[in-house]
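Asker: quick one, what's the 3D model for this:
(one chain, ligands or ions: 1)
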Amino acid sequence: MDIKSLIEKMTLEEKAGLCSGYDFWHTKPVERLGIPSVMVSDGPHGLRKQNDEADHLGINDSIKAVCMPNACATAASFDRDLIGSIGKAIGSACQHEQVSVVLGPAVNIKRSPLCGRNFEYLSEDPYLAGEMAVAYINGVQSQGVGTSIKHFAANNQEHRRMSSSSNADERTLREIYFPPFETAVKKSQPWTVMCSYNRINGTLSSENHWLLTEVLRDDWGFEGYVMTDWGACGDRVKGIEAGLDLEMPSSGGVNDKKIVEAVRSGKLDEKLLDQAVERILRINYRYLENAKPDTPWDLHSDHLFSAKAAEECMVLLKNEDILPLDKNDKIAFIGEFAEKPRFQGGGSSHLNCSEITSACDAAKGLNVAYAKGYDVEKDMTDDEMIAEAVGLAKSSAAAVVFAGLPDSYESEGYDRTHMRLPECQNRLIEAVAAANPKTVVVLHNGSPVEMPWIDRVPAVLEAYLGGQGVGIAEVRIIFGDANPSGHLAETFPKKLADNPSYLSYGGEGNEADYSEGVFVGYRYYDKKEMEVLFPFGHGLSYTDFEYSDLKLSASEITDNDILTASVTVKNVGKRAGKAVVQLYVGDDESSVFRPIRELKGFEKIYLEPGEEKQVSFELSKRAFAFWNEEIHDWYVETGDFTVSVGASSRDIRQSAKLKVISTVKIKRHYTENSILMDIFSDPDAMRKIQPFISKLNPFGATAGDTRSETASEAISDDMNRAMMNYMPLRGIVMFSAGAVGPEVIGQIVDLLNSD
Ligand code: BGC
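Answerer: As a prediction, the model looks like this:
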């Protein structure tokens with residue numbers, strides 16, 4: 001399609017019209033020119049295509065579809081191929097249903113366990129979230145339909161989501177909140193990006209030129225179109241100028257008129273409008289030219305696939321020799337989630353499922369008995385339900401309590417206010433554990449919960465929101481038909497108050513200050529040496545893995561080189577299983593505050609008993625760099641780094657050191673406020689001011705010698721040295737009693753700043 005000549009034929013009104021939706025889910029057609037309308041639909045965990053004229057909050061039904069494990073779960077798989085396959089299945093469903101773009105993945109960082117939408121987000125770690133986003137996008141887009149990575153950016157709370165300003169410094173945004181988007185754009189070019197509702201440092205994302213053009217397009221090279229989140233559009237004209245292309249849903253023509261007026265009055269350059277139209281049409285035609293409406297969609301086989309996927313995601317948090325259970329034993333399944341599992345979150349991602357398999361369904365034919373234990377809907381238990389559960393637990397070889405968060409506890413639209421499970425469920429778990437020491441807890445939740453009973457139960461399986469086949473996966477893992485291999489994509493703190501954003505999460509009024517900076521998740525807990533309930537990256541298996549022989553390809557590199565790190569992993573247990581090999585990098589010493597270690601590589605590998613494999617990782621500049629606010633770029637400070645490999649962020653098995661040398665010279669800018677220590681530590685500066693160096697000792701050569709005893713006691717040598725180190729150039733005038741005048745300081749500053 002010759003898009004440019006198509007645009008030449010369009011009227012101003014038609015062009016403005018194309019930049020907002022036709023209705024909730026379609027772009028506008030231009031019938032006069034034969035430009036068709038295309039549909040976009042929610043995901044990200046399956047296709048949520050609404051039937052008719054519809055709101056997006058779920059009052060009207062969507063078509064039957066398959067709910068895959070939610071992002072909270074899939075991230076825990078640490079399995080790029082798995083997420084890629086989920087993406088493929090969803091992309092293929094889009095083709096069947098004639099949907100051009102699926103609205104996902106959602107990649108916002110989990111800043112606090114309280115975010116109501118954490119179930120839809122991937123991780124607290126930007127590297128992991130980025131890698132998983134790439135896999136998902138590549139999977140969907142391999143089917144000839146697009147994705148919309150969302151919500152760009154810093155949309156980490158639901159509270160006041162349409163007005164709150166996420167206030168964070170540039171380094172925090174670049175190191176923590178942007179990379180999932182950046183990695184996805186650079187490695188997989190999502191067809192579209194969805195800008196978030198919130199403001200960033202005061203400016204709405206939908207009006208943010210820095211965000212949508214300078215960062216997204218100029219820095220990262222994004223080629224598709226930017227659409228708003230539903231209703232996120234601020235000033236439409238500013239939006240076009242900022243790089244926002246499509247407003248969704250329809251503005252009822254109101255904003256189209258504003259665009260037309262702005263062009264007519266000369267306020268808006270028509271070229272910017274043409275550019276937005278071109279971007280939208282290019283993507284729409286990319287879909288139209290690849291449309292395959294006769295693509296088959298077998299819901300049942302996707303259902304079975306979703307169960308297989310869930311198996312790869314579940315995280316065995318604790319297991320004191322109790323799991324897997326023996327199929328020959330009588331086992332109690334307790335808790336309503338065994339019969340009616342919670343497997344997806346509420347809001348725009350909520351699917352109308354083709355079928356659901358609970359653990360009770362999946363355990364048919366086994367010696368399993370069920371007791372309800374609590375009522376999810378009423379969020380209560382009573383003595384009778386507890387007594388029934390306790391009785392059943394006592395008469396069984398082991399009890400499995402299916403617990404978790406009811407829908408009302410976490411959802412799009414609002415945040416949680418605490419991190420607890422429902423009181424009735426905690427009571428049930430305590431009672432069952434007291435009745436039968438062989439009690440396993442299986443959790444269904446989109447975000448961490450406190451576990452007051454953790455010392456009284458020997459095993460906990462985190463199922464997250466595992467999709468509609470969740471019960472099949474649970475039963476296979478519980479009875480050992482599958483070996484768990486998920487690892488946490490987030491830290492489980494012991495209590496909410498431990499979380500780094502605790503003091504400022506949610507913000508005051510519309511101002512949400514990200515005061516913890518880059519210390520999000522394990523970056524904070526590790527630095528604080530804080531005990532956590534379960535660390536980032538943690539996950540047990542029914543077998544054991546041994547790590548050995550970590551080798552680095554060099555002991556010294558420059559920041560332009562690629563380092564290869566390899567490690568050998570061996571299955572030393574009796575069962576086949578999958579290890580998630582995690583590689584972390586830490587800067588041993590830095591002039592800025594940095595985390596102890598940060599995830600920079602991971603691989604999931606399958607090993608038969610006794611088998612070993614070598615796993616290799618390639619590390620480039622980014623693995624060692626921080627975002628330098630002075631040069632507004634990634635920067636590696638010359639020095640020593642530690643590369644460590646392990647089974648979690650707190651289970652490091654192998655470490656090695658290397659030196660990385662920076663090839664980037666940062667020209668420091670000096671003023672009369674620059675302190676001597678900074679000048680003395682800069683060889684370049686010292687060279688430039690060689691003739692003046694003797695003048696930079698304001699206390700004179702004899703200082704210390706002539707002081708009385710009391711004076712030396714008052715001002716020790718250490719203090720003297722510190723005074724010198726921290727002395728600003730301007731201070732020398734006063735401390736040298738005029739021997740060095742302000743004009744000399746001026747000359748020194750000029751020399752320091754000379755080329
Ligand atoms: C959500 C988006 C979603 C859109 C369309 C918004 O409320 O934030 O994630 O894609 O609605 O349903």
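Asker: measure Tyr225 to Gly243 for me?
Answerer: 10 Å (C-beta to C-beta, to the nearest Å). All C-beta spots, glycine's among them, are computed from the backbone N, C-alpha and C.
Asker: off-centre distance for the least confident helix or strand in the chain by mean pLDDT?
Answerer: The weakest-scoring helix or strand in the chain, judged by mean pLDDT, DSSP states H and E, is helix 709-714 (a mean of 77). Mean-position distance between helix 709-714 and its chain equals 57 Å (C-alpha atoms, centre = their mean, to the nearest Å).
Asker: can you check stretch 326-341 too?
Answerer: Per C-alpha atoms, centre = their mean, the centroid offset for stretch 326-341 relative to its chain is 33 Å.
Asker: before we move on, what about stretch 520-527?
Answerer: 14 Å.
Asker: cool, stretch 98-108 as well?
Answerer: Worked out by C-alpha atoms, centre = their mean, stretch 98-108 lies 16 Å from the chain centre.
Asker: could you work out the end-to-end span of it for me?
Answerer: 28 Å (C-alpha to C-alpha, to the nearest Å).
Asker: near the ligand, anything from that stretch?
Answerer: Yes - judged by C-beta under 6 Å from any ligand atom, stretch 98-108 and the ligand are in contact via Leu103.
Asker: what's the average pLDDT for that stretch?
Answerer: Average pLDDT, stretch 98-108: 98.
Asker: one more: stretch 248-268?
Answerer: For stretch 248-268, the per-residue pLDDT averages 97.
Asker: in it, what's buried?
Answerer: The neighbour-count check on stretch 248-268 (16 or more other C-beta atoms under 10 Å) flags Met248, Pro249, Ser250, Ser251, Asn255, Asp256, Lys258, Ile259, Val260, Ala262, Val263, Leu268 as buried.
Asker: please apply the same query to stretch 294-314.
Answerer: 295, 297, 302-303, 305-307, 309-314.
Asker: just the ones in helices from those residues, please.
Answerer: Asp302, His303, Phe305, Ser306, Ala307, Ala309, Ala310, Glu311, Glu312, Cys313 (DSSP state H).
Asker: any chance of the residues you listed in TSV with distance to Gly506 and pLDDT as columns?
Answerer: Below are these laid out as TSV (distance: C-beta to C-beta, whole Å; pLDDT from 0 to 100):
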residue	distance to Gly506	pLDDT
Asp302	38	98
His303	38	98
Phe305	38	98
Ser306	34	98
Ala307	36	98
Ala309	33	98
Ala310	32	98
Glu311	36	98
Glu312	34	98
Cys313	29	98
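Asker: and Glu388, what does it touch?
Answerer: Residues in contact with Glu388, defined by C-beta atoms under 8 Å, 6 or more residues apart in numbering, are Ala371, Lys372, Gly373.
Asker: no wait, Lys604
Answerer: By C-beta under 8 Å, 6+ apart, the neighbours of Lys604 are Ser77, Phe78, Asp79, Ser485, Lys578, Ala579, Val580, Val581.
Asker: go on, Tyr542?
Answerer: Residues in contact with Tyr542, defined by C-beta under 8 Å, 6+ apart, are Leu316, Asn319, Leu323, Pro324, Gly480, Asn483, Pro484, Gly573, Arg575, Gly577.
Asker: could you turn the buried ones of the residues you listed into a ChimeraX selection?
Answerer: ChimeraX command restricting the contacts of Tyr542 to the buried ones, with burial defined by 16+ other C-beta under 10 Å:
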select :316,319,323,324,483,484,573,577
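Asker: nearest to the ligand among the contacts of Tyr542?
Answerer: Of all the contacts of Tyr542, the ligand sits closest to Pro484, with 30.1 Å by C-beta to the nearest ligand atom.
Asker: which ones are touching the closest one?
Answerer: Shown in contact with Pro484 (C-beta under 8 Å, 6+ apart): Glu311, Met314, Val315, Leu316, Leu461, Ile477, Gly539, Leu540, Ser541, Tyr542.
Asker: with distance to the ligand as extra columns, can I get the ones in helices among the buried residues of stretch 294-314 in CSV?
Answerer: Listed next are these as CSV, based on distance: C-beta to the nearest ligand atom, whole Å:
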residue, distance to the ligand
Asp302, 21
His303, 24
Phe305, 24
Ser306, 21
Ala307, 26
Ala309, 21
Ala310, 22
Glu311, 27
Glu312, 25
Cys313, 21
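Asker: can you list these in TSV and add distance to Thr11?
Answerer: Shown next, in TSV, are those (distance: C-beta to C-beta, whole Å):
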residue	distance to Thr11
Asp302	44
His303	48
Phe305	47
Ser306	47
Ala307	52
Ala309	48
Ala310	51
Glu311	55
Glu312	52
Cys313	51
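Asker: buried stuff in the top helix by length along the chain?
Answerer: The longest helix of the chain (DSSP H) is helix 270-290. The neighbour-count check on helix 270-290 (16+ other C-beta under 10 Å) flags 272-273, 275-281, 283-287 as buried.
Asker: before we move on, what about stretch 571-583?
Answerer: Across stretch 571-583, burial judged by 16+ other C-beta under 10 Å covers Asn571, Gly573, Ala576, Gly577, Lys578, Ala579, Val580, Val581, Gln582, Leu583.
Asker: so which of those residues comes closest to the ligand?
Answerer: Nearest member of the buried residues of stretch 571-583 to the ligand, counting by C-beta to the nearest ligand atom, is Val580, at 28.5 Å.
Asker: pairing partners for that closest one in the sheet, please.
Answerer: Listed beta-bridge partners, Val580: Lys604 (assigned using DSSP bridges).
Asker: is it true that it touches Ser485?
Answerer: Yes - the criterion here is C-beta atoms under 8 Å, and Val580 meets it with Ser485 at 6.9 Å.
Asker: which residues do these two both contact?
Answerer: Gly539, Lys604.
Asker: so what's the nearest residue in space to Asn628 that is not next to it in sequence up against?
Answerer: Among residues not flanking Asn628 along the chain, Tyr635 sits closest, at 3.7 Å (C-beta to C-beta, 6 or more residues apart in numbering). The contact partners of Tyr635, taken as C-beta under 8 Å, 6+ apart, are Ala625, Phe626, Trp627, Asn628, Ser662, Val664, Ile666.
Asker: how about those in JSON lines, adding secondary structure?
Answerer: Output for those, formatted as JSON lines (DSSP: H, G, I helix; E, B strand; the rest coil):
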{"residue": "Ala625", "secondary structure": "coil"}
{"residue": "Phe626", "secondary structure": "strand"}
{"residue": "Trp627", "secondary structure": "strand"}
{"residue": "Asn628", "secondary structure": "strand"}
{"residue": "Ser662", "secondary structure": "coil"}
{"residue": "Val664", "secondary structure": "coil"}
{"residue": "Ile666", "secondary structure": "coil"}
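Asker: of these, keep whichever come out buried.
Answerer: Ala625, Phe626, Trp627, Asn628, Ser662, Val664.
Asker: quick one: low-confidence ranges for the chain?
Answerer: Low-confidence segments of the chain (pLDDT under 70): 52-60, 698-707.
Asker: which parts of it sit against the ligand?
Answerer: So the chain meets the ligand at Asp42, His56, Leu103, Lys150, Asp229, Trp230, Ser348 (C-beta under 6 Å from any ligand atom).
Asker: wait, what's in contact with the third one?
Answerer: Applying C-beta under 8 Å, 6+ apart to Leu103 gives the contacts Val40, Ser41, Asp42, Gly43, Pro44, Ser148, Lys150, Met194, Ser348.
Asker: filter those residues to the buried ones?
Answerer: For the contacts of Leu103, a neighbour count by 16+ other C-beta under 10 Å gives the buried set as Val40, Ser41, Asp42, Gly43, Pro44, Ser148, Lys150, Met194, Ser348.
Asker: which residues in the stretch 151-300 of the chain form helices?
Answerer: Listed in chain order, the helices of the stretch 151-300 of the chain (DSSP state H, counting those that start in this stretch) span 170-172, 179-188, 209, 236-242, 254-264, 270-290, 299-313.
Asker: contacts for the shortest one, please.
Answerer: Around helix 209, the neighbours that count as contacts under C-beta under 8 Å, 6+ apart are Glu241, Ala242, Gly243.
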